[in-house]
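Q: here are the coordinates; sequence isn't available:
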């Protein structure tokens, strides 16, 4: 298995380099310690302090001031190599976006990975298994992407992610469907999340969006023949039609939590300086 390299780059040139290093360190722990427990991924994440120099073979995750209209965060360059762009928020909640994009890029670099499993239907205020079969787009963070389902690595908030068991046909006791355990059964979508799939009865792309209660079914229709990446297409659809709703419902971070995370990073920095003096 080849080693995939991800680089965190500040294109705004306004983010504290110490924060950039802390986020890169946390993402590196996540992709080397947590992700390989469930997905066959071998990767590293590093902070690239010079936005003018991105080494060959590194997939960049770029911190930008804003995204172009109608464009999501996932991209393919002219050589069909993946990269991501995320908006640098002032409360540092951008770390969960960086984690989200990094994980999904590593699990599915081209954005076309599909998994067939039992269909799901909206019933009342929730979801339940249906009688058909869907081809699900493997977007590893979307069903559990809201900030409140993320977890802390060294004072940095990172995204929860599904395990391959998320597509199991039936629920099994003791099985983890997401890394944190927030997902408790296959094909569950938590508030603030969504899931995309091909309905094989109609041969159309659909989504179940749980951005507000109750969840809603949205039909996107067939894909265009020119579309190279299903995930890029889906991301762009979300950016076009649901950007403000997503930001309000899942990406806001309470000032208290932001302060707690900042305090934890500061304590860890103090410990690191004490250790350096003692060497």
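A: Sure, I can see it. Note that this is a predicted model, so its numbers are computed, not measured.
Q: Output the contacting helices and strands for the strand or helix carrying residue 59.
A: Assigned by DSSP states H and E, residue 59 falls within strand 58-64. Packing partners of strand 58-64 (3 or more CB pairs under 8 Å, 6 or more residues apart in numbering; DSSP states H and E): strand 4-10, strand 43-48, strand 82-87, helix 94-107. The way it works is simple: take the backbone N, C-alpha and C, and place the C-beta from them, glycine included.
Q: now for the longest helix along the chain, which elements pack on it?
A: For the chain, the helix with the greatest residue count under DSSP state H is helix 255-278. Packing contacts for helix 255-278, counted by 3+ CB pairs under 8 Å, 6+ apart, involve helix 17-29, strand 156-158.
Q: Any chance of those in a markdown table with distance to residue 148 as columns?
A: Output for the helices and strands packed on helix 255-278, formatted as a markdown table (distance: least, CB to CB, whole Å):
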| stretch | distance to residue 148 |
| --- | --- |
| helix 17-29 | 18 |
| strand 156-158 | 10 |
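Q: Deepest-packed of these, please.
A: With neighbours defined as mean count of other CB atoms under 10 Å, the helices and strands packed on helix 255-278 peak in mean count at strand 156-158, which reaches a mean of 25.
Q: any low-confidence regions in the stretch 51-200 of the chain?
A: Residues of the stretch 51-200 of the chain meeting the criterion pLDDT under 70: none.
Q: Quick one: the strands in it, in order.
A: 58-64, 74-76, 82-87, 114-123, 126-137, 151-153, 156-158, 194-199 (DSSP state E, counting those that start in this stretch).
Q: And residue 85, how far from residue 239?
A: For residue 85, the distance to residue 239 equals 11 Å [CB to CB, to the nearest Å].
Q: do residue 38 as well
A: Between residue 38 and residue 239 the distance is 28 Å, computed by CB to CB.
Q: ditto for residue 57
A: 28 Å.
Q: now do residue 264
A: Going from residue 264 to residue 239 by CB to CB gives 31 Å.
Q: what residues are up against residue 217?
A: Contacts for residue 217 (CB atoms under 8 Å, 6 or more residues apart in numbering) come out as 122, 206, 207, 208, 209.
Q: whoops, I mixed them up, residue 215
A: By CB under 8 Å, 6+ apart, residue 215 lies in contact with 122, 125, 126, 127, 189, 208, 209.
Q: Show residues contacting stretch 27-39.
A: Defining contact as CB under 8 Å, 6+ apart, one finds that stretch 27-39 is touched by 6, 8, 41-46, 98-99, 102-103, 106-107, 140, 153-154, 156, 158, 161, 163-164, 176, 179.
Q: What's the end-to-end length of it?
A: 15 Å (CA to CA, to the nearest Å).
Q: Renumber starting at 31 from here on
A: With 31 as the first residue, the last one maps to stretch 57-69.
Q: How about residue 200: what's its closest non-neighbour residue?
A: In this structure, residue 200 finds its nearest non-sequential neighbour in residue 216, 7.2 Å apart by CB to CB, 6 or more residues apart in numbering.
Q: Please determine how far that neighbour is located from residue 81.
A: 41 Å.
Q: now do residue 44
A: As judged by CB to CB, residue 44 and residue 81 stand 11 Å apart.
Q: No more questions from me, cheers.
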